[in-house]
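Participant: model the structure of this input:
(chains A and B)
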Amino acid sequence: GEQVEQRPPHLSVREGDSAVITCTYTDPNSYYFFWYKQEPGASLQLLMKVFSSTEINEGQGFTVLLNKKDKRLSLNLTAAHPGDSAAYFCAVSAPGGYKVVFGSGTRLLVSP
Amino acid sequence: EAAVTQSPRNKVTVTGGNVTLSCRQTNSHNYMYWYRQDTGHGLRLIHYSYGAGNLQIGDVPDGYKATRTTQEDFFLLLELASPSQTSLYFCASSGGQGNNQAPLFGEGTRLSVL
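Facilitator: Prediction:
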């Protein structure tokens, strides 16, 4: 079945720096891709969704890139601030049943 | 407002105990999921369902049963709880297609098995 590897498990940056989190997946037929943010003690909140093609989606201070050829998904925080400190998870929706598989997460710490 | 509600929020039981975790969604979603979250493992899928009466096995199903009684309600059952099942459990729902594909999560249930 689908396997998702997320790197790095921990990331520490200074305010204003960029931060990049990457996920690789195994099933070339995977169709939907998501990024979630989890603040300490809280549930998971959807950050961004990307569908089925090489594309760049931009949100509030971050960019998501999907490369289906390499089976790679990345989240790039362009100018991190302390409020971005949280755990981030990628998720991949496998075909044939809407099973959603998550990466193991990245704990991001942004210091002033 | 669309929501996923889990109960209880915290539960302590003993080894061998019987535990039921409940989840209700008001999103009119077809898909519902149970995940467990453990440090170093992210979220691991236990069971999921695409409608009342349906059950699909996830990646870590051993020791867990699940039932989907209605479109809204999905239950996770631990009939002989073990300390290895101490974890944070999340329920989620999704519409299953297009813009409704992203799972929406409940607030979680923290379970301790002593």
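Participant: quick one, what contacts the most centrally placed residue in chain B?
Facilitator: Nearest to the geometric centre of chain B sits B:W34, at 2.7 Å (C-alpha atoms, centre = their mean). Residues near B:W34 by C-beta atoms under 8 Å, 6 or more residues apart in numbering or on different chains: B:21, B:23, B:45-48, B:58, B:64, B:66, B:74, B:76, B:89-91. C-beta coordinates here come from the backbone N, C-alpha and C atoms, glycine included.
Participant: over to it: give its phi and psi.
Facilitator: phi -120, psi 130 (degrees, to the nearest 10).
Participant: quick revisit: sitting in strands, which of the contacts of B:W34 do you find?
Facilitator: Residues of the contacts of B:W34 located in strands (DSSP state E): B:21, B:23, B:45-48, B:66, B:74, B:76, B:89-91.
Participant: before we move on, the earlier item: the residue nearest to the centre of chain B pairs with what?
Facilitator: Using DSSP bridges, the beta-bridge partners of B:W34 come out as B:H47, B:C91.
Participant: low-confidence ranges, chain B, go.
Facilitator: Within chain B, the stretches with pLDDT under 70 are B:1-2, B:97-100.
Participant: around chain A, which positions in it sit nearby?
Facilitator: Within reach of chain A by C-beta under 8 Å from any C-beta of the partner chain, chain B has these residues: B:31, B:33, B:35, B:40-45, B:48, B:50, B:56, B:58-59, B:90, B:92, B:94, B:96, B:98-99, B:101-108.
Participant: distance of the closest residue to B:V60 other than its chain neighbours from A:S111?
Facilitator: Counting by C-beta to C-beta, 6 or more residues apart in numbering or on different chains, B:V60 lies nearest to B:R44, which is 4.8 Å off, once chain neighbours are set aside. As defined by C-beta to C-beta, to the nearest Å, B:R44 lies at a distance of 31 Å from A:S111.
Participant: neighbour count winner among those two?
Facilitator: Ranked by neighbour count (other C-beta atoms under 10 Å in any protein chain shown), B:R44 and A:S111 place B:R44 first, with 17 against 11.
Participant: which parts of chain B are strands?
Facilitator: Secondary structure of chain B by DSSP E: the strands cover B:4-7, B:10-13, B:19-25, B:31-38, B:42-49, B:56-57, B:65-68, B:73-78, B:87-94, B:104-105, B:109-113.
Participant: for these, give me a markdown table that also has distance to A:N29.
Facilitator: Shown next, in a markdown table, are the strands of chain B (distance: least, C-beta to C-beta, whole Å):
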| stretch | distance to A:N29 |
| --- | --- |
| strand B:4-7 | 28 |
| strand B:10-13 | 38 |
| strand B:19-25 | 27 |
| strand B:31-38 | 18 |
| strand B:42-49 | 18 |
| strand B:56-57 | 18 |
| strand B:65-68 | 26 |
| strand B:73-78 | 27 |
| strand B:87-94 | 18 |
| strand B:104-105 | 24 |
| strand B:109-113 | 33 |
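Participant: isn't there a helix covering A:L73?
Facilitator: No. Counting by DSSP: H, G, I helix; E, B strand; the rest coil, A:L73 is not found in a helix; it is strand.
Participant: just the strands in chain A please.
Facilitator: Counting by DSSP E, chain A has strands at residues A:4-7, A:10-14, A:19-25, A:32-38, A:44-51, A:55-58, A:62-67, A:72-77, A:86-93, A:100-102, A:106-111.
Participant: sweet, I'm off.
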